[in-house]
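Participant: sequence unknown, structure follows:
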């Protein structure tokens, strides 16, 4: 790829418990071919971070006074904290053009308890 600073793509995986099942390798190859850094972090409870906590799919802590919609929003907001941390980490890498970071992702169908 060379030296210098590069634009980047962050891949935000879906709700599946194993993000490696998605087309990460193909997307990484495509990004690298166009001189983009490809970053595919695993959110809490998914893939390589499965031991870091409960995945968004495995959460069943909806309060008695909380609607299913509110519960789902809260769980997604919690998962977004991992995404925000990934962005901040990538922005601080010396080889990244931190004003040229794109977000990509997929949504996978998963059963929800809330």
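Facilitator: Received it, and whenever you're ready, just let me know what you need. All of these numbers come straight from a predicted model, not from anything done at the bench.

Participant: quick check: the closest residue to residue 107 other than its chain neighbours vs residue 41, distance?
Facilitator: Leaving aside its chain neighbours, residue 107 sits nearest to residue 14 (4.9 Å; criterion: Cβ to Cβ, 6 or more residues apart in numbering). No exception for glycine: its C-beta is placed from N, CA and C like everyone else's. Distance of residue 14 to residue 41, computed by Cβ to Cβ, to the nearest Å: 13 Å.

Participant: and these two? Which one has more around it.
Facilitator: residue 41 (20 against 17; other Cβ atoms under 10 Å).

Participant: before we move on, the earlier item: would you double-check that the residue nearest to residue 107 falls in a helix?
Facilitator: No - under DSSP: H, G, I helix; E, B strand; the rest coil, residue 14 sits outside any helix and is assigned coil.

Participant: is it true that it touches residue 105?
Facilitator: Yes - if you go by Cβ atoms under 8 Å, residue 14 and residue 105 touch, sitting 7.2 Å apart.
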